[in-house]
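Chemist: whatever this is, show me its structure:
(one chain, ligands or ions: 1)
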Amino acid sequence: MNLKIFDRLESEVRGYIRSFPTLFAKARGASLIDEDGRSYIDFFSGAGTLNYGHNNPILKRRLLDYVESDGLVHGLDMATLAKKEFLETFERVILQPRGLSCKIQFPGPTGTNAVEAALKLARQVKGRTNIISFTNGFHGVTGGSLAATGNSKFRDAAGFPLENVTFMPYDGYLGSGVDTIAYLERMLADRSSGVDAPAAAIVETVQGEGGVNVASTAWLQALEQVCRRHDMLLIIDDIQVGCGRTGSFFSFEGTGISPDIITLSKSISAYGLPMSLVLMKPELDIWKPSAHNGTFRGNNLAFVTAKAALLHYWQSGEFQEAVRRKGNIMRGWLEHIVNGYQKGAFNVRGRGMIQGLVTDRPELASHVSARAFENGLVIETSGARDQVLKLLPPLTIDDAVLLSGLEILEQSVADVLGVARAPINKIKFINFRSGR
Ligand SMILES: *Cc1c(COP(=O)(O)O)cnc(C)c1O
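Modeler: Next comes the predicted model:
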């Protein structure tokens, strides 16, 4: 495999090519195929951008029809048919059934564009500069979002002071016995704590880049209470774990919390096309016309595929049910790995179809990821020390492919540990899991 042009010409900043060093030529569903025709199962899905798989045929048909008909590709934020139909569908299929009333902003196309807009709006609404963010949070790498991102790998590259954000411990950060919301409450209530009154708190319900850390429902509810008590907005960054990843369209569904602002990106276009959204409670929409603009707001191709995905996957509960079922399969297999190999070497955490195999030492996860790639599986590490193997298969993955991927993962764990695979009864395993 010749990757010399990338070494010679592409900046040193390149990242994933280093973990998965091959030349990918094609992709379909949960498969990536390289130039030599070698096939890999994708447990990465563009970091949660390809929830409906690569080149999903249902979405591809709509996209090709739209391009063929000379539908607008670019239109700044002018009214287009594709945008109108997306808005109508999003309102009817997602907002109304969930009783959500909000205004929708189309910022630039990437996740960090949505976060920048959300933070800017929160600061305008409250007339305060400080924002509460959480340890291990990841919100993007442009100035405002980067200031709210914990990992020093990203922060060290900023080149200027990252300010106006105060970090607080996420759920479980100080050990399972410590109530980190009580700490936050104390810091905010005490006007001598040194923490400036914040405009908002921004949080992920499951930290994707931060190592698959899961906030409990009780923690999220308590956070919302703190926000209400201290007149702060609650921003849920659902960029990675929204759009069905945890088993519901929004990751916070079922917690009873009512975020003031929600950011969506990654899988909202459903096809890997850049698109992001900021949803805000109507009364917060104090933007002046064009006060926050951008050339690439409103990717019409993305509107077409986004609408098609909402119509196809989200009009009934069937798809969500399948996500939960497959999430249980993943969880069960990971628990088998935790229990079947070196005691204490692994742990598991996650929700729905984002699951993390947590290792007790960083090299272990990286070695397993590298070995998995050799064995035909693309799986990323996450967390501050890259100590977590993050499983993020397409939500549409077939059971058989999902099981093959899990088998490769387990084989790679066994290879790295230099032991034989622990016995597992695959057939009994699926029946047991799907019966729950
Ligand atoms: C990926 C991600 C972002 C940033 O999105 P980009 O498109 O990479 O700018 C922000 N927040 C969360 C939770 C993410 O996972």
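Chemist: nearest to the middle of this protein, which residue? Look it up for me.
Modeler: Nearest to the mean C-alpha position of the chain, counting by CA atoms, centre = their mean, stands residue 240 at 1.2 Å.
Chemist: please report how far that one lies from residue 139.
Modeler: Distance from residue 240 to residue 139, counting by CB to CB, to the nearest Å: 10 Å. (Each C-beta comes from the backbone N, C-alpha and C, glycine too.)
Chemist: pLDDT weak spots in the stretch 1-150 of the chain?
Modeler: Within the stretch 1-150 of the chain, not a single segment meets pLDDT under 70.
Chemist: enumerate every residue touching the residue in it that the ligand sits nearest to.
Modeler: Nearest to the ligand, among the residues of the stretch 1-150 of the chain, is residue 111, at 2.1 Å (CB to the nearest ligand atom). By CB atoms under 8 Å, 6 or more residues apart in numbering, residue 111 lies in contact with 139, 140, 239, 240, 263, 265, 266, 276.
Chemist: can we see that at 7 Å?
Modeler: With contacts defined as CB atoms under 7 Å, 6 or more residues apart in numbering, residue 111 is in contact with 140, 239, 265, 266, 276.
Chemist: can you read off the pLDDT for the last one?
Modeler: So that's residue 276. According to the prediction, residue 276 has pLDDT 98.
Chemist: I'd say residue 71 and residue 82 touch.
Modeler: Yes: contact criterion CB atoms under 7 Å: residue 71 and residue 82 qualify, at 5.9 Å.
Chemist: can you report how many residues lie near residue 394?
Modeler: Burial of residue 394 is recorded as 26 neighbouring residues (other CB atoms under 10 Å).
Chemist: roughly how far does the nearest residue to it once chain neighbours are set aside sit from residue 88?
Modeler: Of all residues not flanking residue 394 in the chain, residue 53 sits nearest, at 4.0 Å (CB to CB, 6 or more residues apart in numbering). Counting by CB to CB, the gap from residue 53 to residue 88 is 25 Å.
Chemist: what residues does the stretch 101-250 of the chain have near the ligand?
Modeler: Contact residues (CB under 6 Å from any ligand atom) of the stretch 101-250 of the chain with the ligand: 110-112, 115, 138-140, 204, 208-209, 237, 239-240.
Chemist: buried subset of those residues?
Modeler: Neighbour-count burial (16 or more other CB atoms under 10 Å) applied to these gives 110-112, 115, 138-140, 204, 208-209, 237, 239-240.
Chemist: so which of the residues you listed sit within strands?
Modeler: Using DSSP state E, the members of these that fall in strands are residue 237.
Chemist: tell me if stretch 354-368 is near the ligand.
Modeler: No: Stretch 354-368 lies out of reach of the ligand by CB under 6 Å from any ligand atom, never closer than 10.5 Å.
Chemist: count of residues packed around residue 191?
Modeler: For residue 191, the count of nearby residues is 8 (other CB under 10 Å).
Chemist: wondering if stretch 34-45 reaches the ligand at all.
Modeler: No: Stretch 34-45 stays clear of the ligand (CB under 6 Å from any ligand atom), getting no nearer than 12.1 Å.
Chemist: tell me how far that stretch lies from the chain's centre.
Modeler: Distance, stretch centre to chain centre, for stretch 34-45: 21 Å (CA atoms, centre = their mean, to the nearest Å).
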